[in-house]
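[1] Next one to model:
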Amino acid sequence: MDIVFNMRTFVCVAETGSFTAAAQRLDLTTSYVSRTIASLESHLQTRLLHRTTRRIALTEAGQRYLLRCEQILGYLAEAEAEAGEAHARPAGNLKVHAMTGIGQHYLIQAIAEYSEKYPEVSFDLTLANRTTDILDEGYDISVVIAQELPDSGFIYKQLGSTYSVLCAAPAYLEKHGTPRLPGELGQHRCLRLVNNVMSLDRWLLDGPDGKELVTVERTPFQVNTGDAMTEAVRAGMGIGALPLYSAIGGLQDGSLVRVLPNHSLFPLGIFALYPSRQFLDAKIRTWVEFLREFIPEQVRADEQGVAALSLRLGR
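    Below is the predicted model:
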């Protein structure tokens, strides 16, 4: 039995005062409406309507049931409207996972600007340097950096791309000298950024003469986040490969110097992952669309900043 359909039919009969009028409004036959009410009464074990040849009238039980039906159908209409608006209007809480560096350097500002445009969306942001099972952990979306994505079954959109640069502290270079060629890195203290994105002991540098592979055989220090590596390099511990977004601040304030400025390494894609594209919630859809404009603009600004700095310093 479709109880909601039967309730709607009963309300229509009560409003119109006849089976025939209700049938016309619902585009049904009069006999079908009559059988529906009879089935509902049988289900409830209660008479809802007094029937005569000329009119029908609600029983006392029918009056009480009509009030409840109207309340229930009203709640259903509100629920359907709210669910429909979730597809059309961004609102509610957005639970986001992001890798730490991308989250700190790009997403916080992105959330601030997105919230100005869509104030009815709130954010629950988790930063962790790992991929996540979106469904098991209850995230609406995950923002990750990777050379390529494993086959997870989730929908993904590429938001942009970035890369790393080699940096050192001025004090380190004054003491140990500045390498001019990739092959000279073997004579220096090279620090390792170790996570599920960066290669542990091989740096593939892309420069004017093509690609050159450098093996980092011994290291005095390794760490798992770009920001921690930035602090280690700034402290003069050695030369490190820093994600562009982690390096830009130190390069601009002079606490870091770019080493082999014509070379870059670890090209990475920035991706948004989410469970499904069908009936996509408006807050997820608009957030992804916003990031697809915001992230490339921020990466481009960082690249322009580094290029302008190199030009000013004559590197």
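[2] Let me know the helix or strand that V306 is in.
    Using DSSP states H and E, V306 sits within helix 282-313.
[3] other SSEs contacting that helix?
    Counting contacts by 3 or more Cβ pairs under 8 Å, 6 or more residues apart in numbering; DSSP states H and E, helix 282-313 packs against helix 60-88, strand 92-98, helix 108-117, strand 141-146, strand 155-168, helix 244-253, strand 257-259, strand 265-274. (Glycine included, C-beta is placed from N, CA and C.)
[4] again, 6 Å this time
    Using 3 or more Cβ pairs under 6 Å, 6 or more residues apart in numbering; DSSP states H and E as the contact test, the elements touching helix 282-313 are strand 155-168, helix 244-253, strand 265-274.
[5] quick one: which of the ones you listed is nearest L127?
    Each of the helices and strands packed on helix 282-313 has some distance to L127 by Cβ to Cβ; the shortest is helix 244-253, at 13.6 Å.
[6] Tell me what angle the closest one forms with helix 282-313.
    40 degrees (axes from the mean of the first three to the mean of the last three Cα atoms, to 10 degrees).
[7] Which parts of the protein belong to which domain?
    Using automatic domain parsing, the domain ranges for the chain come out as 3-88, 91-315.
[8] now those domains in a markdown table, with mean neighbour count?
    Written out in a markdown table, the entries for the domains of the chain read as follows (neighbours: other Cβ atoms under 10 Å):
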| stretch | mean neighbour count |
| --- | --- |
| domain 3-88 | 15 |
| domain 91-315 | 17 |
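[9] How far does stretch 282-302 sit from its chain's centre?
    Between the centre of stretch 282-302 and the centre of its chain there are 11 Å (Cα atoms, centre = their mean, to the nearest Å).
[10] again with stretch 89-102
    The chain centroid and the centroid of stretch 89-102 are separated by 5 Å, computed with Cα atoms, centre = their mean.
[11] what about it, how long is it end to end?
    For stretch 89-102, the first and last residues are 27 Å from each other (Cα to Cα, to the nearest Å).
[12] what's the weakest-modelled helix or strand in the chain?
    Confidence across the helices and strands of the chain bottoms out at helix 60-88, with a mean of 78, counting by mean pLDDT, DSSP states H and E.
[13] angle of that one against strand 92-98?
    Angle between the axes of helix 60-88 and strand 92-98 is 40 degrees (criterion: the same axes, to 10 degrees).
[14] Need the contact partners of stretch 100-107.
    Around stretch 100-107, the neighbours that count as contacts under Cβ atoms under 6 Å, 6 or more residues apart in numbering are 98, 127, 129, 143, 145, 225-226, 243, 245-246, 298.
[15] Let's see the distance spanning that stretch from one end to the other.
    Its start and end residues considered, stretch 100-107 measures 10 Å (Cα to Cα).
[16] and that stretch, what's its mean pLDDT?
    Per-residue pLDDT values over stretch 100-107 give a mean of 91.
[17] distance between that stretch and the chain's centre?
    If you compare the mean C-alpha spot of stretch 100-107 with that of the full chain, they lie 13 Å apart, counting by Cα atoms, centre = their mean.
[18] same thing with stretch 147-158?
    13 Å.
[19] First-to-last residue distance for it?
    Across stretch 147-158, the terminal residues are separated by 11 Å (Cα to Cα).
[20] Find the centremost residue of this protein, please.
    Among the residues of the chain, I141 comes closest to the average C-alpha position under Cα atoms, centre = their mean, at 2.9 Å.
[21] got the contact list for it?
    For I141, the residues meeting the contact criterion (Cβ under 6 Å, 6+ apart) are 96, 272, 274, 284.
[22] Beta-bridge partners for it, please?
    In this structure, I141 bridges to V96 when assessed by DSSP bridges.
[23] From P119, how far off is F221?
    Distance check for F221 against P119: by Cβ to Cβ, to the nearest Å, it reads 44 Å.
[24] sorry, back to before: can you tell me which of the helices and strands packed on helix 282-313 comes nearest to V306?
    Relative to V306, the nearest member of the helices and strands packed on helix 282-313 by Cβ to Cβ is helix 244-253, separated by 6.1 Å.
[25] Just list what that closest one packs against, helices and strands only.
    Using 3+ Cβ pairs under 6 Å, 6+ apart as the contact test, the elements touching helix 244-253 are strand 155-168, helix 226-234, helix 282-313.
[26] how far does the second one sit from the chain's center?
    When you say that, I think you mean helix 226-234. Once both centres are worked out by Cα atoms, centre = their mean, helix 226-234 turns out to sit 27 Å from its chain's centre.
[27] CA atoms only for it, dumped as CSV, please.
    Coordinates of the C-alpha atoms in helix 226-234 are reproduced here as CSV (Å, rounded to 0.1, in the frame of the first residue of the first chain):
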residue,chain,number,x,y,z
GLY,A,226,56.2,21.3,3.0
ASP,A,227,55.8,24.0,5.7
ALA,A,228,58.1,22.0,8.1
MET,A,229,60.6,21.6,5.3
THR,A,230,60.4,25.3,4.7
GLU,A,231,61.4,26.0,8.3
ALA,A,232,64.2,23.5,8.2
VAL,A,233,65.6,25.1,5.0
ARG,A,234,65.1,28.6,6.5
